[in-house]
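A.B. asks: Give the three-dimensional model of this entry:
(one chain, ligands or ions: 3)
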Amino acid sequence: MAATGSVLIKNVRPYGEGEPVDVAVTAGVITEIGHDLAAPDGAEVVEGGGNILLPGFVDLHTHLREPGREDTETVESGSRAAARGGYTAVFAMANTAPVADNATITDHVWRLGREVGLVDVHPVGAVTVGLAGEQLAEMGMMADGAAKVKLFSDDGKCVHDPVIMKRALEYSKGLGVLISQHSEDPRLTVGSVAHDGPTAARLGLAGWPRAAEESIVARDALLARDAGARVHIAHASTAGTVELLRWARTQGIEVTAEVTPHHLLLDDSRLETYDGVNRVNPPLREESDKLALRAALAEGVIDCVATDHAPHASQEKCCEFSQARPGMLGLETALSIVVETMVNADLLDWRGVARVMSERPAQIVGLDDQGRPIEVGEPANLTIVDPEQAWTVKGEELASRSDNTPYDSMTLPGTVLTTLLRGRVTAQRDGLSNVTPNGGAGEWL
Ligand SMILES: NC(=O)N[C@@H](CC(=O)O)C(=O)O
Ligand SMILES: [Zn+2]
Ligand SMILES: [Zn+2]
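C.D. replies: Ligands and ions are numbered 1, 2, ... in the order given. The predicted structure follows:
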């Protein structure tokens, strides 16, 4: 693999539009786009096979579990999973052990990411010390450190105290950073394990009401308005949250939001089996919520897709539903779920996929080297996707150290073939000749 040398990507269709072209890359930057380009001496050639070229994906919500739970994921295994999923940048949440609530930890995670070099790992800083919700963390120190932390979140927990959240928003505005809120009023979710609806009632599972999310979304929109700050809503899961986001926009409040692939595809009908793999926060909701989330993503009311990739050890997921840890894997399957729920449903075209997977997340968090248009002079953070190729998910074959995917054994549409970070190949499936029409995609090299 050439480090920062020359790469010639043959035969790709940027955004799935027009005739295939070649894309030449030198020193990590796109230098030419055209037909029948000659490979410069020593250039690595990547055959695109007429497939779709997109900007590399950016995930605002990943759990990498390092430091502390390296048995379930490391910066390396998570970076590999991300590259295979078409990602070139991920934001690693702060709910590690110890919590990433100071610059020593955020800089450590950032350095680990650089050493691995498969994806840009941006550590998320905690909003409060120890995620305890009581005392603001040293956000300024983290923002000023080597990692230049841009996103702060107590994810896993809600910044519940309105006074603390108000101060955090004011502080974030001054620092030019963004807070991502895990919207969950903890007093409404004590003991809750599943969406509070007919399915949970029938199955005897304690319910997690929509109001637990929506009351915080509404409150934080108002706090952001008063502070003149921006706020980002993590893993939006209800139709009511969509309506609140729409309302906030009409008021000129700067609220952005993400939706996870699992909330786009799955609903609480999955819970019938009591399989702990389906336990997640916020919980899988009802079909009406799912359809509202898809429509909101198509319309732009929800800005982007974020995986909430949450690896857990199998012994923490296989137990009784109420005992299973909440969270599911997402990085390696996200593109396929977006193809299934949005592209194949005619809700998004490939320009739209680039918008929700790459451009908007980069803009929201202020990354200037990711989510860029595929044009000469832009960094070559790219992914090649075969829209026709289906593949069968097998938990144990994923690059993640964990296998808690809710899509195990499912055949999903859309395959990532190659990912490039600043022109360097970070993931590549076996030669196109090995990609069989219905028998799954080629092996990862
Ligand atoms: N989504 C989850 O169910 N779990 C996440 C935490 C979180 O995103 O709230 C985790 O860290 O496991
Ligand atoms: Zn969360
Ligand atoms: Zn999370």
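A.B. asks: so how many other residues sit close to residue 250?
C.D. replies: 7 (other C-beta atoms under 10 Å). To be clear about C-beta, it is placed using only N, CA and C from the backbone, and glycine gets the same treatment.
A.B. asks: what residues does the stretch 301-445 of the chain put near ligand 1?
C.D. replies: By the rule C-beta under 6 Å from any ligand atom, the part of the stretch 301-445 of the chain lying against ligand 1 is 308, 310, 326-327.
A.B. asks: Now do the same contact list for residue 375.
C.D. replies: 30, 33 (C-beta atoms under 8 Å, 6 or more residues apart in numbering).
A.B. asks: how far away is it from ligand 3?
C.D. replies: Residue 375 sits 33 Å away from ligand 3, going by C-beta to the ion, to the nearest Å.
A.B. asks: switch to numbering from 451
C.D. replies: Taking 451 as the first residue, the last one we looked at is residue 825.
A.B. asks: quick revisit: select from the residues of the stretch 751-895 of the chain next to ligand 1 the one having the most neighbours.
C.D. replies: residue 758 (30 neighbours).
A.B. asks: pretty sure residue 498 is in a strand, no?
C.D. replies: Yes. With DSSP: H, G, I helix; E, B strand; the rest coil as the criterion, residue 498 is part of a strand.
A.B. asks: just to revisit the earlier point, which of the residues of the stretch 751-895 of the chain next to ligand 1 come close to ligand 3?
C.D. replies: residue 758 (C-beta under 5 Å from the ion).
A.B. asks: how about JSON lines for the residues of the stretch 751-895 of the chain next to ligand 1, with secondary structure and pLDDT added?
C.D. replies: Converted to JSON lines, these look like this (DSSP: H, G, I helix; E, B strand; the rest coil; pLDDT from 0 to 100):
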{"residue": "758", "secondary structure": "coil", "pLDDT": "99"}
{"residue": "760", "secondary structure": "coil", "pLDDT": "98"}
{"residue": "776", "secondary structure": "coil", "pLDDT": "98"}
{"residue": "777", "secondary structure": "coil", "pLDDT": "98"}
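A.B. asks: pretty sure residue 455 is touching residue 493, no?
C.D. replies: Yes. Contact criterion C-beta atoms under 8 Å: residue 455 and residue 493 qualify, at 7.0 Å.
A.B. asks: Do you have the helices of the stretch 651-800 of the chain handy? List them.
C.D. replies: 660-677, 689-700, 711-715, 737-749, 764-767, 784-788, 800-804 (DSSP state H, counting those that start in this stretch).
A.B. asks: ok, the residue of the stretch 451-600 of the chain found nearest ligand 1 - contacts?
C.D. replies: For the stretch 451-600 of the chain, the residue closest to ligand 1 is residue 513, as judged by C-beta to the nearest ligand atom, at 4.5 Å. Neighbouring residues of residue 513 by C-beta under 8 Å, 6+ apart: 523, 542-543, 545, 758-761, 777.
A.B. asks: Same list, the helices of the stretch 651-800 of the chain, but as TSV with mean pLDDT and distance to residue 835 please.
C.D. replies: What follows is the helices of the stretch 651-800 of the chain, written out as TSV (pLDDT from 0 to 100; distance: least, C-beta to C-beta, whole Å):
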stretch	mean pLDDT	distance to residue 835
helix 660-677	98	32
helix 689-700	98	27
helix 711-715	99	15
helix 737-749	98	18
helix 764-767	96	29
helix 784-788	98	6
helix 800-804	98	8
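A.B. asks: Nearest residue to residue 555 in space, ignoring adjacent ones along the chain?
C.D. replies: Once flanking residues are discounted, residue 555 sits nearest to residue 548: 6.3 Å by C-beta to C-beta, 6 or more residues apart in numbering.
A.B. asks: likewise residue 493?
C.D. replies: residue 456 (3.8 Å).
A.B. asks: So that neighbour versus ligand 3, what's the distance?
C.D. replies: Using C-beta to the ion, we find residue 456 at a distance of 39 Å from ligand 3.
A.B. asks: Who are the contact partners of that residue?
C.D. replies: 474-476, 489-490, 492-494, 873.
A.B. asks: Is it possible to mark the buried ones in those?
C.D. replies: Neighbour-count burial (16 or more other C-beta atoms under 10 Å) applied to those gives 474-476, 493-494, 873.
A.B. asks: if you look at those residues, which of them are in helices?
C.D. replies: Using DSSP state H, no member of these falls within helices.
A.B. asks: Among these, which one sits closest to residue 894?
C.D. replies: residue 494 (17.3 Å; C-beta to C-beta).
A.B. asks: Tell me what the closest one is bridged to.
C.D. replies: residue 457 (DSSP bridges).
A.B. asks: quick revisit: a helix runs through the residue nearest to residue 555, doesn't it?
C.D. replies: No. Read with three-state DSSP, residue 548 is coil and lies in no helix.
A.B. asks: which residues does residue 834 form a beta bridge with?
C.D. replies: Beta-bridge partners of residue 834, as defined by DSSP bridges: residue 503, residue 868.
A.B. asks: what sits against it?
C.D. replies: 459, 462, 496, 498, 501-504, 866-869.
A.B. asks: That one and ligand 1, how far apart?
C.D. replies: 30 Å (C-beta to the nearest ligand atom, to the nearest Å).
A.B. asks: what does residue 823 give?
C.D. replies: To ligand 1, residue 823 is 31 Å away according to C-beta to the nearest ligand atom.
A.B. asks: can you count the residues close to residue 532?
C.D. replies: Residue 532, neighbours per other C-beta under 10 Å, totals 34.
A.B. asks: Just confirm it contacts residue 569, I think it does.
C.D. replies: Yes. Between residue 532 and residue 569 there is a contact under C-beta under 8 Å: 4.5 Å.
A.B. asks: overlap in contacts of the two?
C.D. replies: residue 540.
A.B. asks: that older thread, out of the helices of the stretch 651-800 of the chain, which is closest to ligand 2?
C.D. replies: Closest to ligand 2 of the helices of the stretch 651-800 of the chain is helix 660-677 (C-beta to the ion; 10.3 Å).
A.B. asks: now for the closest one, which elements pack on it?
C.D. replies: helix 612-625, strand 628-631, strand 681-683, helix 689-700, strand 705-709 (3 or more C-beta pairs under 8 Å, 6 or more residues apart in numbering; DSSP states H and E).
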